[in-house]
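In: just the structure for this:
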Amino acid sequence: MENKVERNHGIDFLRIVSMFFIIILHTLGQGGVIRNTLTSTVQFKYVWFLETVAFVAVDIFAIISGYVSYTEKEKKVNYANYIRIWFEVVFYNLLLCTVFKLIKPEIVTFKDYLAGLLPVTSNLYWYFTAFTGLYLLMPLINKAVRNTDELVLKKILIAIIVGFSFFDRIANVFNTNNGYSFVWIFLLYIIGAIIKKCHIGERLKWYHIVPTILVLYIISLLYKIYGFSGRGINVEITKNLLISYVSPTILISSILYVIWFSKMKFNKTFTNIIKFAAPASFSIYLINNNKFIWATIMKDRFISLANMPIYKIYYITIGFSILFVIACILIDNIRIYLFKKCKINNLAEILSTGFNIIVEYFAEIIR
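Out: Numbering: from 1, shown residues only. Here you go, the predicted structure:
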């Protein structure tokens with residue numbers, strides 16, 4: 001989700017990893033494993049550890065948007081990137097509506113097709129809806145970060161972690177909605193831009209980062225297992241305190257992931273694999289989170305894992321997630337080929353130019 005600049009293949013690889021984590025979350029959550037794992041069992045601890053590991057997924061993806069979209073040089077606003085993503089969202093909604101109309105016609109209605117054509121209005125994907133609001137403000141955010149002193153930006157980064165993560169996780173007064181909101185995606189984008197401009201973590205090595213992430217995971221898990229719950233004046237603490245997109249341990253882990261992967265270098269073969277797979281990363285989310293896939297393929301399909309030995313829970317969950325990611329990458333490369341043949345990217349550029357003309361016209365009027 002960014003303008004074409006010099007590629008950071010480590011960041012592109014992290015996109016794929018974050019989508020892999022998303023599938024793990026959905027397999028354990030929507031798949032029914034979490035709900036059906038008894039707290040008194042050893043499976044509970046290991047299932048929640050895997051859940052904790054994967055919970056960085058959304059934060060990573062949103063931070064990456066800020067990291068790659070921020071540039072030191074000001075750029076002309078180009079809405080073609082967003083329009084291409086919008087076409088992708090519509091394509092998969094209409095495609096899956098049609099597929100399920102053929103397979104299970106009773107579950108697909110005309111409203112589903114209409115919603116597929118209006119993904120933001122119908123809020124089909126909360127992340128895409130939040131990203132839409134964010135995209136409109138990206139030029140303003142980038143300009144603000146570009147023109148702000150680095151020391152001030154570092155203070156803002158700390159303020160976001162303390163105020164919107166530590167404090168709001170308990171008080172919930174800033175409408176972050178546990179991370180499922182425009183507000184949180186907006187803040188994550190700012191974090192990504194600050195990391196990029198201020199070279200946050202530049203001196204950190206993988207052997208600093210990996211143990212720190214592991215410690216943060218363990219702290220989150222221990223609170224889930226042994227922590228306390230309580231309510232106060234406009235304050236609520238639950239055992240999920242540190243397992244949330246807004247959780248400080250999850251947020252700091254996500255930041256560390258971005259720093260770590262941004263430094264990675266790969267050989268030519270693996271770089272080519274990343275180049276093939278990375279453009280399909282958002283499609284993995286779109287396909288997996290489609291309402292029909294969600295209800296028929298994902299819902300309660302993995303309940304039996306709750307009572308299986310630990311090694312089976314892990315290799316089935318991880319194995320399914322890997323296969324799902326690979327299948328989506330292959331499917332999306334067909335979509336990319338079709339878009340190229342149909343000149344969808346050219347259409348996006350034309351629409352973007354037209355939109356810019358209209359915006360500039362009204363900007364002149366209100367000057």
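In: run through the stretch 51-200 of the chain and note the low-pLDDT ranges.
Out: Across the stretch 51-200 of the chain, nothing is flagged by pLDDT under 70.
In: run the last query once more with 90
Out: Residues of the stretch 51-200 of the chain that meet the criterion pLDDT under 90 lie in 74-78, 166-177.
In: in it, which spans are helices?
Out: Using DSSP state H, counting those that start in this stretch, the helices of the stretch 51-200 of the chain run over 57-69, 80-103, 110-117, 126-146, 150-159, 168-171, 182-198.
In: give me the distance between the two termini of stretch 237-254.
Out: 22 Å (CA to CA, to the nearest Å).
In: same question but for stretch 69-85, I mixed them up
Out: Distance between the two ends of stretch 69-85: 15 Å, counting by CA to CA.
In: distance from it to the middle of the chain?
Out: Centroid separation for stretch 69-85 versus its chain: 19 Å, with CA atoms, centre = their mean, to the nearest Å.
In: now swap in stretch 164-176 and tell me
Out: 20 Å.
In: shaky segments in the stretch 201-350 of the chain?
Out: Scanning the stretch 201-350 of the chain with the threshold set as pLDDT under 90 gives 227-239.
In: and the strands in it?
Out: 230-232, 235-237 (DSSP state E, counting those that start in this stretch).
In: gap between Glu106 and Thr98?
Out: Counting by CB to CB, to the nearest Å, the gap from Glu106 to Thr98 is 15 Å. Glycine gets a C-beta too; all of them are placed from N, C-alpha and C.
In: more neighbours, these two?
Out: Per other CB atoms under 10 Å, whichever of Glu106 and Thr98 has more neighbours is Thr98, with 13 against 7.
In: before we move on, the earlier item: out of the helices of the stretch 51-200 of the chain, flag the one nearest Glu236.
Out: Each of the helices of the stretch 51-200 of the chain has some distance to Glu236 by CB to CB; the shortest is helix 168-171, at 7.2 Å.
In: may I see the buried residues of that closest one?
Out: By neighbour count on 16 or more other CB atoms under 10 Å, the buried set for helix 168-171 is 168-169.
In: who are the packing partners of it?
Out: Helices and strands touching helix 168-171, by 3 or more CB pairs under 8 Å, 6 or more residues apart in numbering; DSSP states H and E, are strand 235-237.
In: any idea how far the strand it packs on is from the chain center?
Out: The chain centroid and the centroid of strand 235-237 are separated by 26 Å, computed with CA atoms, centre = their mean.
In: contacts for it?
Out: The contact list for strand 235-237 (CB atoms under 8 Å, 6 or more residues apart in numbering) reads 170-172, 228-231.
In: so what strands line up beside that strand?
Out: The pairing partners recorded for strand 235-237 under DSSP bridges are strand 230-232 (antiparallel).
In: distance from the partner strand to the middle of the chain?
Out: Put simply, strand 230-232 sits 31 Å off its chain's centre (CA atoms, centre = their mean).
In: who's in contact with that strand?
Out: With contacts defined as CB under 8 Å, 6+ apart, strand 230-232 is touched by 236-237.
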